[in-house]
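Engineer: with the input below, show me the fold.
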Amino acid sequence: MSVDHYENFPVASWLCPPALRPAVQALYWFARTADDLADEGDVPACERLARLAAYRAELARVLADAPPSPGPWRTVFEPLQQAVRRHRLPAAPLFDLLSAFEQDVHLPTYADRAALLDYCRRSANPIGRLLLHLYRVDDATALARSDAVCSALQLINFWQDLGVDAPRGRHYVPLADAHRHGVTLAQLEARDDTPAVRALVRDLCAWARALMLDGAPLAHALPGRVGWELRLVVQGGLRVLDRIARLDHATLRQRPTLGAADALPLLWRALTMRPMPAALERAA
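Structural biologist: Prediction:
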């Protein structure tokens with residue numbers, strides 16, 4: 001199991017209230033379809049960008065309450081428009097997602113962690129913010145913690161998929177971190193697994209874990225099903241980090257995954273997950 005933020009989108013799960021399932025499904029297919037447009041194999045970058053531009057124009061159209069255009073995306077935008085109308089979904093997170101997908105087409109590099117977090121702000125954090133909106137949660141603390149969890153999930157997916165992304169020219173390792181460890185992007189592209197690369201991955205995983213733990217208290221602040229679902233999401237991300245550690249951080253060579261055997265341990269972790277002590281909560 002990947003911790004990719006689209007593959008693990010809570011699509012109509014049994015923890016999701018039935019009244020919200022159509023909206024969650026609509027958001028999933030909007031994001032999934034845009035992601036596929038940005039990553040269409042051998043399709044030239046200029047053509048992918050043109051399709052994303054058309055997709056962006058169709059989003060603007062349905063947000064203006066015009067009927068969706070005929071064509072292959074109608075089944076995406078009709079339910080999305082219904083969800084926008086019913087739940088008054090904000091437009092900014094939807095456009096932020098498209099911005100991140102367009103950025104991916106250009107295969108950029110990231111100078112430092114701040115630059116990578118800006119990408120996560122648009123590629124991952126909108127998902128959490130849209131889900132919180134559905135649950136009518138909008139206080140600043142909850143939004144900040146949601147951002148931390150979503151960015152952590154995105155980062156964990158990057159370090160989990162290092163050996164898949166780097167050979168394809170997709171570099172999410174901040175250049176400053178690579179330079180500090182004496183690692184080059186060419187090494188990563190060649191899947192040259194060295195002690196320095198493993199030290200780099202160890203450092204990046206520690207960053208992702210700290211970010212996840214910063215956001216984890218949100219799971220105890222949210223009531224009912226959504227709180228339990230978030231506990232499972234948090235523990236799933238942390239368990240992938242544990243898997244990476246068990247591989248001695250050699251994700252350039254081997255991609256760690258979770259499977260059916262992890263279900264009970266994850267459930268146990270979610271059940272025994274404790275809130276942050278009150279003194280630490282006030283200091284946070």
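
Engineer: going by C-alpha atoms from here, please, whenever you check contacts or count neighbours.
Structural biologist: OK.

Engineer: where does the stretch 151-284 of the chain dip in pLDDT?
Structural biologist: Scanning the stretch 151-284 of the chain for pLDDT under 70 picks out the ranges 276-284.

Engineer: buried set for the top helix by length along the chain?
Structural biologist: In the chain, assigned by DSSP state H, the helix with the most residues is helix 224-246. Neighbour-count burial for helix 224-246, counted by 16 or more other C-alpha atoms under 10 Å, picks out 226-245.

Engineer: now do it: which elements does it pack against?
Structural biologist: Using 3 or more C-alpha pairs under 8 Å, 6 or more residues apart in numbering; DSSP states H and E as the contact test, the elements touching helix 224-246 are helix 140-160, helix 195-215, helix 218-221, helix 263-272.

Engineer: deepest-packed of these, please.
Structural biologist: helix 140-160 (a mean of 24; mean count of other C-alpha atoms under 10 Å).

Engineer: how about a markdown table for the helices and strands packed on helix 224-246, with distance to Pro67 added?
Structural biologist: Shown next, in a markdown table, are the helices and strands packed on helix 224-246 (distance: least, C-alpha to C-alpha, whole Å):
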| stretch | distance to Pro67 |
| --- | --- |
| helix 140-160 | 32 |
| helix 195-215 | 38 |
| helix 218-221 | 37 |
| helix 263-272 | 42 |
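
Engineer: which stretch among those comes nearest Asp65?
Structural biologist: With C-alpha to C-alpha as the criterion, Asp65 lies closest to helix 140-160 of those, at 27.4 Å.

Engineer: just the residues contacting that closest one, thanks.
Structural biologist: The contact list for helix 140-160 (C-alpha atoms under 8 Å, 6 or more residues apart in numbering) reads 2-5, 117, 120-121, 124-125, 127-129, 132, 165, 172, 201, 204-205, 208-209, 211-218, 221, 234, 237, 240-241, 244, 251, 255-256.

Engineer: ok, stretch 69-77 next?
Structural biologist: Here stretch 69-77 has contacts from 26, 29-30, 33, 58-59, 62, 68, using C-alpha under 8 Å, 6+ apart.

Engineer: likewise for stretch 247-259?
Structural biologist: Against stretch 247-259 from outside (C-alpha under 8 Å, 6+ apart): 1-2, 159-164, 188, 191-193, 198-199, 201-202, 240, 243-244.

Engineer: let's see it at 6 Å
Structural biologist: Residues outside stretch 247-259 that contact it (C-alpha atoms under 6 Å, 6 or more residues apart in numbering) are 1, 160, 162-163, 191, 198, 201-202.

Engineer: quick check: domain ranges of this protein?
Structural biologist: 14-106, 108-274 (automatic domain parsing).

Engineer: that older thread, of all the contacts of stretch 247-259, which comes closest to Arg88?
Structural biologist: Using C-alpha to C-alpha, these come closest to Arg88 at Met1, 32.4 Å.
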